[in-house]
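S.K.: Would you be able to build a 3D model of this:
(2 chains)
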Amino acid sequence: MSGVLRAARPRGDRWARALVVGLPYAWLLLFFLAPAIIVLKISLAEQTLGVPPYTSLFAAGRLQATADNYLFLVSDSLYASAYLNALRFAAGATCCCLLIGYPLAYGIVRAPLRWRNALLLLVILPFWTSFLIRVYAWIGLLKGNGFINNLLLGAGLIDQPLTLLNNEFAVYVGLVYSYLPYMVLPLYAALEKLDPTLLEAASDLGCRPMQAFWRITLPLSLPGIIAGSLLVFIPMCGEFIIPELLGGSDTLMIGKVLWDEFFTNRDWPVAAAVALVMLVALVLPMGLLRRYLVREAT
Amino acid sequence: MPPLLAIDRVVKRFADGDGAAVDGVSLDLAAGEFFALLGPSGCGKTTLLRLLAGFEEPDDGRVLIAGEDMAGVPPYARPVNMMFQSYALFPHMTVFDNIAFGLRQNRRPRAEIATRVRAMLDLVQLGHLARRKPDQLSGGEKQRVALARALVQEPKLLLLDEPLTALDRKLREETRFELVRIQQRVGITFLMVTHDQEEAMSMATRIGVMEKGRIVQIGPPDEVYEHPRDRFVAGFLGAINFFAARVVAASDGVVALESAEAAGRQFSVADKRAWTPGTEVALALRPERIVLGAAPDPRWDNALSGTVKGVAYRGEASDVEIELASGKLVRATIANIERRHHASFARGEAVALGWTRESGIVLEP
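M.R.: The predicted structure follows:
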């Protein structure tokens, strides 16, 4: 049937279709695949003094590729621990985002209709201020004579200031604070679609409210949980600004290592290798997860 | 022994609504009944059902199920189950898991769950679809899963909210018989809510007609149809003609009426009530009780004449619209009992209408 329809469609229409489908692909090709190939190229070169600061891949008609940069990543345990640290921070902060974001999204969905848009607006309101400035603002809140310490001292709850800044705690606070909206929005979308009659049916069939949540609400909001978690987890892994500003000197995350290789050491090939390993390490498990979910759904 | 369900002057008001959604409803149901609550949308019938299921609490009055007061008893603890209009099947579970949901919730043994779900699947003839998910089912199949999921709980009372509305016409008519057959087999009391008078009359042993939050008449289908207590009930249960009339005389169980809409003609209606002459009343007349002829038949108790305005051929019957001399339109339904001589009237044709004394109904105006 669709073949018949397509045959009947005028030529101009087919062009419009090709354009609509082709444009996003062209975009991805130009701004994702092409840069990735350039990064791959750099990662196979060697560092030199000059502009650009790496050797070209073809010299004197011969391919001059080297895997040294990748071998270097394996040989120095700093990189492995930086990767693992980044994953650890991202995983922990994603869990926190989920634990805070789920009740938040649930509350918004259950709020009276006239409040719902206002509450959603509040969730995305922080986006109106620059990300960098908001992270800086946390320094003011968390530092030794900052707002929170002064408040606790003033209330007599503590005798001397707590160390809230330049440690892992501050990094977690920064990550959770910055990425929470990206968790709340997909969860809201998933929960909003949930038909409240299903919960009534569960109640009618003997479920107390909490049991109905575990058996109906949670499984049906799973797509939102997965979407939100991925949306938050992936950029957290490569996060540079938050550990740089809020973390301590010992807070090692791969985004920071990448920055140092690129700007401080000016070792573009190693930086490129760091970036590519990160990309592969994230894309592969995500792709497998997606395959699994698609299979589950059908 | 108390009735299976006793609703005692129940009132429910909503904050945003004007007046009460359910306004002092009382109703007793005996075990094994198939009762239909019939009314237009917004008459409060679904609210009443939700009060029984426990999704709403009444503002006043009591609900007793098998003699037990349901006040403050949450839905999950009530011996009732509901079949939702949208079916409310759990989309992430198979047909089997949907039906087993309540049994698993009650922690029944595995073997018992399997046996009871299988028996239910057989009852609704869905054994071959047990492993499907709801979105892989047709509307009729979903409806049967919803029924099975509620019935497997063996409730004292099954509430059905517009159980057939989401089905297409042909399937709806077949399913009527099936629902009645299943109800008789399982012996569970059914309380159905519907806005479709044909559905209510063809399935229920008793019906209750609701209007503006009140039950205005309760009785077996034929009684409510043939002896409606007011114009609302008469008009809601099928098509009907009303004539504004005045009582001329009433004696020996026959009332003589006079109607300006029928050019001052007198009619006789069999009615045992003692009407005072001069009382303004309404004469109600069902279209299928009117016979048509080229000229008045001397055997007719009542006769009128008019011209045909239009004919709607429906296959099994034809609806004929007739204009009287006064301009009043009357509808008559003629059964097409013969293939060659089905009712065929031309527009503008002069026609005589007749009906028996027993066909007319005298109502308050």
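S.K.: Strands of the stretch 201-350 of chain B, start to end?
M.R.: Along the stretch 201-350 of chain B, the stretches classed as strands by DSSP state E, counting those that start in this stretch are B:206-211, B:214-219, B:241-251, B:254-259, B:265-270, B:280-285, B:291-293, B:302-313, B:317-324, B:329-335, B:350-355.
S.K.: Please work out which of those strands is packed deepest.
M.R.: Of all the strands of the stretch 201-350 of chain B, strand B:206-211 carries the top mean neighbour count, a mean of 23, counting by mean count of other Cβ atoms under 10 Å in any protein chain shown. The C-beta positions use only the backbone N, C-alpha and C, and glycine is treated the same way.
S.K.: Which secondary structure elements does the helix or strand where A:Gly255 lies sit against?
M.R.: Using DSSP states H and E, A:Gly255 sits in helix A:254-259. With contacts taken as 3 or more Cβ pairs under 8 Å, 6 or more residues apart in numbering or on different chains; DSSP states H and E, helix A:254-259 sits against helix A:77-110, helix A:241-246, helix A:268-297.
S.K.: Now distance to chain B too, for the ones you listed, in TSV please.
M.R.: Shown next, in TSV, are these (distance: least, Cβ to the nearest Cβ, whole Å):
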stretch	distance to chain B
helix A:77-110	16
helix A:241-246	36
helix A:268-297	10
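S.K.: So, low pLDDT: which residues of chain B?
M.R.: Across chain B, residues meeting the criterion (pLDDT under 70) sit at B:1, B:17, B:340-343.
S.K.: and of the strands of the stretch 201-350 of chain B, who's closest to A:Arg110?
M.R.: Nearest of those to A:Arg110, taken as Cβ to Cβ: strand B:206-211 at 31.2 Å.
S.K.: Identify all contacting residues around the closest one.
M.R.: B:25, B:27, B:33-40, B:43-45, B:48, B:200-201, B:215-221, B:224, B:232-233, B:236-237 (Cβ atoms under 8 Å, 6 or more residues apart in numbering or on different chains).
S.K.: Over to stretch A:111-126?
M.R.: Residues from elsewhere that reach stretch A:111-126 (Cβ under 8 Å, 6+ apart): A:Leu104, A:Gly107, A:Ile108, A:Val109, A:Arg134, A:Leu180, A:Pro181, A:Val184, A:Leu185, A:Tyr188.
S.K.: Domain map for chain B?
M.R.: Domains of chain B are assigned by automatic domain parsing as B:5-235, B:239-363.
S.K.: ok, now which ones touch B:Tyr24?
M.R.: That one is not Tyr; residue B:24 is Gly. B:Arg9, B:Val10, B:Val11, B:Asp60, B:Gly61, B:Gly213, B:Arg214.
S.K.: would it count as being in a strand?
M.R.: Yes: assessed with DSSP: H, G, I helix; E, B strand; the rest coil, B:Gly24 lies in a strand.
S.K.: and it, how far is that from chain A?
M.R.: Distance, B:Gly24 to chain A, by Cβ to the nearest Cβ, to the nearest Å: 25 Å.
S.K.: Could I get the CA-only coordinates of stretch B:42-55 as CSV?
M.R.: Output in CSV follows, covering the C-alpha atoms of stretch B:42-55 (Å, rounded to 0.1, in the frame of the first residue of the first chain):
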residue,chain,number,x,y,z
GLY,B,42,-23.4,13.7,33.3
CYS,B,43,-26.3,12.2,35.2
GLY,B,44,-24.0,10.9,37.9
LYS,B,45,-24.1,7.2,37.1
THR,B,46,-20.4,6.8,36.8
THR,B,47,-19.9,8.7,40.0
LEU,B,48,-22.2,6.3,41.7
LEU,B,49,-20.2,3.4,40.4
ARG,B,50,-17.0,5.0,41.6
LEU,B,51,-18.6,5.5,45.1
LEU,B,52,-19.2,1.7,45.2
ALA,B,53,-15.7,0.8,44.0
GLY,B,54,-14.3,3.1,46.7
PHE,B,55,-12.5,5.6,44.4
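S.K.: Residue nearest the middle of chain A, spatially speaking?
M.R.: The centroid of chain A falls nearest to A:Pro235 when counting by Cα atoms, centre = their mean (2.7 Å).
S.K.: secondary structure element for that one?
M.R.: Applying DSSP H and E, one finds A:Pro235 within helix A:222-237.
S.K.: contact partners of stretch B:304-324?
M.R.: Stretch B:304-324 has contacts (Cβ under 8 Å, 6+ apart) with B:261-263, B:265, B:287-288, B:292, B:296, B:325, B:329-336, B:342-354.
S.K.: and if we set it to 6 Å?
M.R.: Applying Cβ atoms under 6 Å, 6 or more residues apart in numbering or on different chains, the contact partners of stretch B:304-324 are B:262, B:329-336, B:343, B:345, B:347-353.
S.K.: Can you give the distance of that stretch from its chain's centre?
M.R.: In terms of Cα atoms, centre = their mean, to the nearest Å, the centre of stretch B:304-324 is found 26 Å from the chain centre.
S.K.: quick one: terminal-to-terminal distance for it?
M.R.: By Cα to Cα, to the nearest Å, the extent of stretch B:304-324 from end to end equals 8 Å.
S.K.: what is the mean pLDDT for stretch A:264-278?
M.R.: Averaged across stretch A:264-278, pLDDT comes to 92.
S.K.: Now do it: everything it contacts.
M.R.: Here stretch A:264-278 has contacts from A:39, A:42-43, A:45, A:47, A:53-54, A:69-70, A:73, A:254, A:258, A:261-262, using Cβ under 6 Å, 6+ apart.
S.K.: List buried residues within those residues.
M.R.: Buried members of the contacts of stretch A:264-278, scored by 16 or more other Cβ atoms under 10 Å in any protein chain shown, are A:39, A:42-43, A:45, A:47, A:53-54, A:69-70, A:73, A:254, A:258, A:261-262.
S.K.: Now distance to B:Ala146 too, for the residues you listed, in a markdown table please.
M.R.: Output for the buried ones among the contacts of stretch A:264-278, formatted as a markdown table (distance: Cβ to Cβ, whole Å):
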| residue | distance to B:Ala146 |
| --- | --- |
| A:Val39 | 56 |
| A:Ile42 | 61 |
| A:Ser43 | 59 |
| A:Ala45 | 66 |
| A:Gln47 | 69 |
| A:Pro53 | 69 |
| A:Tyr54 | 67 |
| A:Asn69 | 62 |
| A:Tyr70 | 59 |
| A:Leu73 | 58 |
| A:Ile254 | 52 |
| A:Leu258 | 56 |
| A:Glu261 | 62 |
| A:Phe262 | 61 |
